[in-house]
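Engineer: Quick one, structure for this:
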Amino acid sequence: MNKKVNVVLALLVVGFAISCKQSQERTEAAAMESNYDAVEKSEVVSSSAAKVDPKSNRKFVRTADIKFKVKNVTKSTNQIEDATVKFGGFVTYTNLQSHILNEENTKISQDSSLVTTKYYVENDITIRVPNTQLDTVIKTIAKQIHFLNYRVIKADDVTFQMLSNKMAQKRSDSSEKRLANSIDNKGKKLNQIVEAEDTLDQKKEQNDATKLQNLSLEDQINFSTLTLQIYQDEALKQEMVANEKSLDSYRPNIGLQIWESLKSGWFILENILAFLVSLWPFIFIGFIGIFGYKKLIKKQLK
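Structural biologist: All right, here's what the predicted structure looks like:
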């Protein structure tokens, strides 16, 4: 008997050990799969165009345009905005919307109905992040991706454009100074001075425009722009609502209607009697006329 018990206990221990091992293997496999998905998504959205080489003298304007599906748009939006601030960036645009695809109203009882709404949620987000953090931010955003529609990352080389602007600015500064000295030092007629001043103003405007263009390029170089389009699967929302009472629900019952009809009929009868009583002079005159007419007829017959 003891041997049988020992055998049963041994089998239970072995079975328990095997079950624990299989459970551990499934957990490890799920963790490995999750890590693999995270790495895979990170590699898909990442690009060498988003990375900055500190040794390079070239200047790049980096932009990224990514569209992807998430599990929950609102939660992902909050996490993306938090990550943006965390890495020194800022949000310039966000447009969170719910679009109703269909809405059905099903009457459940006399007092309530079930409203079923089919909808989807999307958000368009524009963020600016330091160019040195662009690749890091993109990899952080990749954790929210449930399905990637597309990602476009561009690095436009503006090195020569900035150099051209600086050279043009330098020429404009030199020309502006010479023109100002010429106006101040040489005596000229009034109309010539006015023309020279107008030319000087044009030079200053060109110089300012070149400076602003370079400042804009430097801002685009220092802060990359990410345009994100996120959406989620269509969802259903159901809620119970109270039914609006129709006019029929306020109608009195049949007994009250009969009673009201009797009262209305009696009021009508009273009005008729009152009207007839108000005609008594005419009735009296008619009665006298008839009586006189009969008297006259009798006299003629005699």
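Engineer: Please count neighbours and contacts with C-alpha atoms only from this point.
Structural biologist: Will do.
Engineer: Quick check, pLDDT for Ser113.
Structural biologist: For Ser113, the model assigns a pLDDT of 85.
Engineer: Quick one: residues contacting it.
Structural biologist: 105-107, 240-243 (Cα atoms under 8 Å, 6 or more residues apart in numbering).
Engineer: name the element it belongs to?
Structural biologist: Assigned by DSSP states H and E, Ser113 falls within strand 112-130.
Engineer: Sort out which residues of that strand are buried, please.
Structural biologist: The neighbour-count check on strand 112-130 (16 or more other Cα atoms under 10 Å) flags 113-117, 119-130 as buried.
Engineer: Relative to it, what are the paired strands and their orientations?
Structural biologist: With DSSP bridges as the test, strand 112-130 is paired with strand 90-107 (antiparallel), strand 223-231 (antiparallel), strand 235-242 (antiparallel).
Engineer: Now mean pLDDT too, for these, in TSV please.
Structural biologist: Shown next, in TSV, are the strands paired with strand 112-130 (pLDDT from 0 to 100):
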stretch	mean pLDDT
strand 90-107	92
strand 223-231	95
strand 235-242	86
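Engineer: do you know which of those lies nearest Thr74?
Structural biologist: Closest to Thr74 of the strands paired with strand 112-130, according to Cα to Cα: strand 90-107, at 7.9 Å.
Engineer: Which residues does that closest one contact?
Structural biologist: Contacts with strand 90-107, where a contact means Cα under 8 Å, 6+ apart, come from 74, 81, 84, 113-129.
Engineer: tell me the most buried of the strands paired with strand 112-130?
Structural biologist: When these are scored by mean count of other Cα atoms under 10 Å, the highest mean neighbour count falls to strand 223-231 (a mean of 22).
Engineer: May I have it exported as CSV, CA atoms only?
Structural biologist: Only the C-alpha atoms of strand 223-231 are listed here, as CSV (Å, rounded to 0.1, in the frame of the first residue of the first chain):
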residue,chain,number,x,y,z
PHE,A,223,15.2,71.0,-34.3
SER,A,224,13.9,68.2,-36.5
THR,A,225,10.2,68.0,-37.4
LEU,A,226,8.1,64.8,-37.0
THR,A,227,4.7,64.5,-38.5
LEU,A,228,2.7,61.6,-37.1
GLN,A,229,-0.6,60.2,-38.1
ILE,A,230,-2.0,57.7,-35.6
TYR,A,231,-5.2,55.8,-35.6
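Engineer: What ranges does the stretch 101-250 of the chain have for its helices?
Structural biologist: Along the stretch 101-250 of the chain, the stretches classed as helices by DSSP state H, counting those that start in this stretch are 134-141, 159-185, 190-222.
Engineer: got the angle for the strand holding Ser113 vs helix 134-141?
Structural biologist: Counting by axes from the mean of the first three to the mean of the last three Cα atoms, to 10 degrees, strand 112-130 lies at 160 degrees to helix 134-141.
Engineer: Output strand 112-130 as CSV, restricted to C-alpha atoms.
Structural biologist: The C-alpha trace of strand 112-130 is given here as CSV (Å, rounded to 0.1, in the frame of the first residue of the first chain):
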residue,chain,number,x,y,z
SER,A,112,-35.2,53.0,-22.4
SER,A,113,-33.3,52.3,-25.6
LEU,A,114,-29.8,51.0,-26.4
VAL,A,115,-27.7,53.3,-28.5
THR,A,116,-24.9,51.5,-30.4
THR,A,117,-22.2,53.8,-31.9
LYS,A,118,-19.5,52.6,-34.3
TYR,A,119,-16.6,54.9,-34.5
TYR,A,120,-12.8,55.3,-35.0
VAL,A,121,-10.3,57.7,-33.4
GLU,A,122,-7.3,59.4,-35.0
ASN,A,123,-4.8,62.1,-34.3
ASP,A,124,-2.5,64.2,-36.4
ILE,A,125,0.6,65.3,-34.4
THR,A,126,3.5,67.6,-35.3
ILE,A,127,6.4,67.7,-32.9
ARG,A,128,9.9,69.3,-33.0
VAL,A,129,12.8,67.6,-31.3
PRO,A,130,16.5,68.3,-31.1
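Engineer: Perfect, that will be all.
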